[in-house]
Every structure is written in C-alpha cells, then in structure tokens.
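Trainee: Make a model of this:
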Amino acid sequence: MKQFKKSAKLANVLYDIRGPIMDAAKQMEEEGQKIIRLNIGNLAVFGFDAPEEVQQDMIRNLPGSAGYSDSKGIFAARKAVMHETQKQGVAGVTLEDIYLGNGASELIAMATNALLNDGDEMLLPAPDYPLWTAASSLSGGKPVHYLCDEANGWMPDLDDIRAKITPRTKGIVVINPNNPTGALYSDELLKSIVAIAREHHLVIFADEVYDKVLYDGVRHTAIASLSTDVLTLTFNSLSKSYRSCGYRAGWMVVSGDKARAQDYIEGLNMLSNMRLCANVPGQWAIQTALGGYQSINDLVGDGGRLRRQRDLAYELITAIPGVSCVKPSAALYMFPKLDPEVYPISDDRQFFLELLRETKVMLVQGTGFNWATPDHFRIVFLPHEDDLREAINRIARFLELYRLRSKTD
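Mentor: Numbering: from 1, shown residues only. Got it, this is the predicted structure:
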C-alpha cells in the first residue's frame, strides 16, 4: 500500500514546546497522574484571567461579530494599535500599515511567506522562539542562527551576526524581550542591530510580544522607533500582557522604509486577503486592552505575583548544584544551564522525558529552542508559588540522583 508522508518542507521544522514530551505528559494525565506544567506560557491555566473590561467588550460586541471584517482588521482595533505605536515613538505609521491576525503567530507565518524565496536566509537568535525557525523553513528559507551570549546576559553577539550575513540574507529577527531567556536589550544594542540591517539592506522582524512584562523598573524600547529608515515589521498581541492567549488577537505593524517595499507589501496584502480576516470577536478586545488600565503593571511590580514567582524560581533553581541561570529582566521564562561536567547529557529530549516520568514535572529542553548543545532548559514560572516550589524541589531531587549515578558510572 502506498504510504502518505508529511511534506519534505517539514524536515527542519521543530516545535518541541508542544512536542513528544507533551505527548507523553498527556498520556500520563489520561492515566490519572497529575503533571506540573512548566513548559508553556499559557497564563489562563495558572489563574491569570484576562482583564474583566476586555471580556465584557468582547461579550457586548459578539452579536455583531458573525461576519467577516476588513481583511486587515476592524477600524477601532487598528486605530488603537496606531495610537500605541505613536506612544512608543514609532513614526509614519498609518492604518494601512497595520494588520490584525489570529495571534502574532499567524502574522509571523504571513510575513515570512511573503518575503522568502527558496534558499533565502533569515537571521534568527539562538536560542529562539522556535516558531520563527519553523516559519522561515516552511517559507522555503534557510534559518541561520546568530549567537546570544549567555556570559553577556544573553545579548546578541553583533560580531556573530555580521559573520553570518551572506548575499542571500533577507532579514533579521529580534526577539525583545526575549523568549526563552527573559533578556531585555539596551537602546545601544538595538541601534547597533539597526545599523547592521541598514548596511546590509535587511528587513527587521521585531517580536515584541512581552514588551509590557518587565521587572525591576526596566524600560522597553520598540526597535521600530530607532529604525525609521529601515523596513521594520513589529509583532505583538494580547496573549501575554493581557492574559488572553485563547482570544487569538495579534497585530503586525509595518514601518520604516516602506517606499522600497511596495512589492513586498503587495504580497502581504495578498496573503492577508486570502485568509479573509482574523477572528472578529478577538479583535474587539484590542482597543479596550490597549486603552484601558494596564493591570500587567500590578503583576510585575514590587509584590506582584509574577515578580514574586520569578524571584522564587530563580532562587530555587540556582541553589541546585551545577545549575546556573541569568536572572530574567522580562517575559515569563528563564533558561538555566546544566553544567556539562556535572550533568553529562547527550540527548536532552530523552533526559527531560525521563525527568517528566520520574517527577511528573514537564519542561522543554534547550535544543527545542534551537540551542545547539544539550545543556539548557526553559522554565515557565507561571504556577502558584506552592506549585512552583514543589516542582523545582522535584527537579532538584531528580538532578541529585542523576549526579550520584554519573559519579558511579
């Protein structure tokens, strides 16, 4: 019998955040076991509710949401995004430069599909949010990863970026605040990246989904406010800052040098039209969210739940022998390192699958974020403090037994 196989375009696609370890966890849950999930930034399941005002606006507008909207999105939501970009200091953005999507994810796939020809290269951070690598591959492009330097607080290595640019390089992805490391980039660093993009005629793709999830009084700068002469596409959504992952409400803003990008923009419009429109009920949440009280500030400020949980997770994870971590300044994650001298791991996916089975704690291995060596993992610090403490204590016991076994082998 002829076998139906997946497309060869999926050969280099990886999304282990929802991969084999998650499949194993689901099987364990079906058997009645309780799993503590530290693998995914899905805030609702940990008791982080969307702002009530946002929920109410969606409910009120639901009767009028049965039809398609304009392919780029409803007027009120796009106008709110335009005002948000103005507050960020991004110049020259009009309503026509704003596209609403089913989360930022749909728009990332749209933007890469519209730009990349077979063999074109896209510069991506390592570690990265793996959707970017997957979208670049599915678009026919070649993902090329530049190093983010752990010894320098996970900042992008500018020399490594320059060394990896070729005549086929089309764009550079900047994830700031960063997922999975929680790093926040300085204005000086952002200006240097803009200068590289300007010199080599690259499109900047700015993933700024965590731009309001900031700790310790740090400030985020939109790279588009610094790249007025460089074509820049900025991606954001309601998923994280407004705890609305399931509403699938995101946006993309085109700014900078649009004059030389008319053909590319035509391609974006074509793909936007083809998908008809984004989820209309979710679009109604955008204006209220952006213009209303920013409750995320209460969660990340002194005494806020996210701030407390970040501090607790960092304290507990760095107390484990052989485990180090750069303390995140932003986002919902940290990316600890397992000292390879203490934890000689050859297959980190298998290692964390074993950890899941032994501890009932679910994590994602570092190679799932296109980190080359099997010596890191990502922790999501969203569970309540008691659950977070219990989970990391289980991880610590598992690692202690692993150290003992390694010494006797």
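Trainee: who's in contact with Pro344?
Mentor: Shown in contact with Pro344 (Cβ atoms under 8 Å, 6 or more residues apart in numbering): Ser406. (C-beta placed from N, C-alpha, C; glycine too.)
Trainee: need the helices for the protein, in chain order.
Mentor: Here the chain has its helices, by DSSP state H, at 20-30, 52-61, 75-87, 103-115, 130-138, 158-163, 187-200, 262-274, 280-291, 296-300, 305-318, 348-359, 385-408.
Trainee: and Leu10, which of these is closest to it?
Mentor: Leu10 lies closest to helix 130-138 among the helices of the chain, at 7.5 Å (Cβ to Cβ).
Trainee: Throw the helices of the chain into JSON lines and include mean neighbour count and mean pLDDT, thanks.
Mentor: Listed next are these as JSON lines, based on neighbours: other Cβ atoms under 10 Å; pLDDT from 0 to 100:
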{"stretch": "helix 20-30", "mean neighbour count": "15", "mean pLDDT": "88"}
{"stretch": "helix 52-61", "mean neighbour count": "15", "mean pLDDT": "92"}
{"stretch": "helix 75-87", "mean neighbour count": "18", "mean pLDDT": "97"}
{"stretch": "helix 103-115", "mean neighbour count": "23", "mean pLDDT": "96"}
{"stretch": "helix 130-138", "mean neighbour count": "23", "mean pLDDT": "94"}
{"stretch": "helix 158-163", "mean neighbour count": "14", "mean pLDDT": "98"}
{"stretch": "helix 187-200", "mean neighbour count": "17", "mean pLDDT": "98"}
{"stretch": "helix 262-274", "mean neighbour count": "14", "mean pLDDT": "96"}
{"stretch": "helix 280-291", "mean neighbour count": "23", "mean pLDDT": "94"}
{"stretch": "helix 296-300", "mean neighbour count": "17", "mean pLDDT": "96"}
{"stretch": "helix 305-318", "mean neighbour count": "18", "mean pLDDT": "97"}
{"stretch": "helix 348-359", "mean neighbour count": "19", "mean pLDDT": "93"}
{"stretch": "helix 385-408", "mean neighbour count": "15", "mean pLDDT": "91"}
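Trainee: Out of those helices, flag the one nearest Ser69.
Mentor: Set against Ser69 and scored by Cβ to Cβ, these come closest in helix 280-291, at 5.1 Å.
Trainee: can you list the helices of the chain in CSV and add distance to Val173?
Mentor: Output for the helices of the chain, formatted as CSV (distance: least, Cβ to Cβ, whole Å):
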stretch, distance to Val173
helix 20-30, 24
helix 52-61, 29
helix 75-87, 19
helix 103-115, 9
helix 130-138, 5
helix 158-163, 11
helix 187-200, 10
helix 262-274, 16
helix 280-291, 24
helix 296-300, 24
helix 305-318, 25
helix 348-359, 23
helix 385-408, 30
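Trainee: Ser255: which of the ones you listed is closest?
Mentor: Ser255 lies closest, by Cβ to Cβ, to one member of the helices of the chain: helix 75-87, at 7.2 Å.
Trainee: Check which helices and strands the closest one sits against.
Mentor: Secondary-structure packing of helix 75-87 (3 or more Cβ pairs under 8 Å, 6 or more residues apart in numbering; DSSP states H and E): strand 98-101, strand 250-255, helix 280-291.
Trainee: Identify the residues contacting the longest one?
Mentor: In this structure, residues lying in contact with helix 280-291 by Cβ under 8 Å, 6+ apart are 50-51, 53-54, 57-58, 61-62, 65-69, 73-74, 76-77, 79-81, 83-84, 100, 102, 238, 242, 244, 247-249, 251.
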